[in-house]
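> the following block contains a protein sequence and its predicted model.
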Amino acid sequence: MKLATLRVDGSTRAVRLDGDRLVDLGAADLGELLASGDWAAKAAAADAGTATTYPADGADFAPVVPRPSKVVCVGLNYKNHIQEMGRDLPRYPTLFAKFADCLVGARDDIARPEETEEFDWEVELAVVIGAPVRRARGAEAEAAIAGFTVLNDVTCRDWQFRTREWLQGKIWDSSTPVGPYLVTPDELPGGVRPEVEVSLSVDGEVMQHDNTGDLLFDPVALVEYVSTIVRLNPGDIIATGTPGGVGHARTPKRYLTGGERVVAEIRGIGRLENTVAKDGAA
């Protein structure tokens, strides 16, 4: 299934993609649906013949989960990106966090802060949690994965590297597109350990291209690791890291200055198409 959160008449609705229509699932958003229990059966049972539907073409997508209780991000998780940044392969995942206020929809503008001169892109496979778990292992960690979505971890590099901790470069308001769809594991090659192509382009020029099979720590391992530290709730998001090709690692370095069209795509999952708004005007 492909599920999303759709903006409708000043509110939002959880929906399922059914051909060229989006079927209303009876919940305000995917966070509410996932927290309701037995969400997969409810989503599958919605009848396109009797439920309210909306056209998929031109849909106004909210962040796939608008208000997750947490967004946990992983740095340095693709082998080639680790190498381009001049680092050794880590023994453990490098973790940082984002907040719900960072998130924007799949076609919303990305707000470029006037305070940065080094605004960079990072396409990522993101895990969406579908069941509450703590210290999950093996099958429990696998079962906790509701599905996957696309996330662009847009980063202020000059702020990120002010200190050894990265948080201040990663949490700028309205800077992180996520969506448009949550795609359940049964739809993807590799299931809960998907092996799919990821790519990102800026104004039509391909900057990143890789396969999630290059991940050092796969989604199940990340659910196990993160849930050891903190409980994971339905709707929580784990961004699994970015492949090589970021602007900061290029020679010469390249950054987003405003006005660019950034497209982040994962085959079989979805596509983010966002314009960088100059000076945080979004």
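Structure received.
> packing partners of the helix or strand where residue 222 lies?
Using DSSP states H and E, residue 222 falls within helix 219-229. Counting by 3 or more C-beta pairs under 8 Å, 6 or more residues apart in numbering; DSSP states H and E, the packing neighbours recorded for helix 219-229 are strand 123-129, helix 139-143, strand 145-152, strand 237-239. Every residue, glycine included, has its C-beta placed from N, CA and C.
> next, the buried residues of stretch 81-98.
Under the neighbour-count criterion of 16 or more other C-beta atoms under 10 Å, stretch 81-98 has 81, 82, 84, 93, 95, 96, 98 buried.
> so of those residues, which ones are in helices?
Under the assignment DSSP state H, these contribute 81, 82, 84 to helices.
> where's the nearest residue to residue 238 once chain neighbours are set aside relative to residue 184, distance?
Among residues not flanking residue 238 along the chain, residue 127 sits closest, at 4.2 Å (C-beta to C-beta, 6 or more residues apart in numbering). Between residue 127 and residue 184 the distance is 12 Å, computed by C-beta to C-beta, to the nearest Å.
> these two: who's more crowded?
Counted by other C-beta atoms under 10 Å, residue 127 and residue 184 do not tie: residue 127 has more neighbours, with 31 against 21.
> check contacts around residue 6.
12, 13, 14, 15, 22, 54, 59, 60, 61, 62 (C-beta atoms under 8 Å, 6 or more residues apart in numbering).
> of the residues you listed, grab the buried ones for PyMOL.
Selecting the buried subset of the contacts of residue 6 in PyMOL, with 16+ other C-beta under 10 Å as the burial test, is done by:
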select buried, resi 12+13+14+15+22+54+59+61+62
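> ok, the contacts of residue 6 vs residue 147, which is closest?
residue 14 (13.1 Å; C-beta to C-beta).
> stretch 100-116 - what's its average pLDDT?
The pLDDT scores in stretch 100-116 average 97.
> quick one: end-to-end distance for that stretch.
21 Å (C-alpha to C-alpha, to the nearest Å).
> and it, what's buried?
Quick answer for stretch 100-116 (16+ other C-beta under 10 Å): 100, 102-112, 116.
> can you redo those residues as JSON lines with secondary structure and distance to residue 246?
Below are the buried residues of stretch 100-116 laid out as JSON lines (DSSP: H, G, I helix; E, B strand; the rest coil; distance: C-beta to C-beta, whole Å):
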{"residue": "100", "secondary structure": "helix", "distance to residue 246": "24"}
{"residue": "102", "secondary structure": "helix", "distance to residue 246": "18"}
{"residue": "103", "secondary structure": "strand", "distance to residue 246": "20"}
{"residue": "104", "secondary structure": "strand", "distance to residue 246": "20"}
{"residue": "105", "secondary structure": "coil", "distance to residue 246": "23"}
{"residue": "106", "secondary structure": "coil", "distance to residue 246": "21"}
{"residue": "107", "secondary structure": "coil", "distance to residue 246": "22"}
{"residue": "108", "secondary structure": "coil", "distance to residue 246": "21"}
{"residue": "109", "secondary structure": "coil", "distance to residue 246": "21"}
{"residue": "110", "secondary structure": "strand", "distance to residue 246": "15"}
{"residue": "111", "secondary structure": "strand", "distance to residue 246": "19"}
{"residue": "112", "secondary structure": "coil", "distance to residue 246": "16"}
{"residue": "116", "secondary structure": "coil", "distance to residue 246": "15"}
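> can you list those in TSV and add distance to residue 147?
Formatted as TSV, these follow (distance: C-beta to C-beta, whole Å):
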residue	distance to residue 147
100	19
102	21
103	17
104	20
105	17
106	15
107	20
108	21
109	26
110	24
111	27
112	30
116	32
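> and which of those residues is nearest residue 157?
Nearest to residue 157 among the buried residues of stretch 100-116, with distances taken as C-beta to C-beta, is residue 116, at 7.8 Å.
> in contact with the residue lying closest to the closest one once chain neighbours are set aside, which residues?
Spatial nearest neighbour of residue 116, chain neighbours left out: residue 156 (4.0 Å); criterion: C-beta to C-beta, 6+ apart. Residue 156 makes contact with 113, 115, 116, 118, 119, 120, 168, 169, 170, 172, according to C-beta under 8 Å, 6+ apart.
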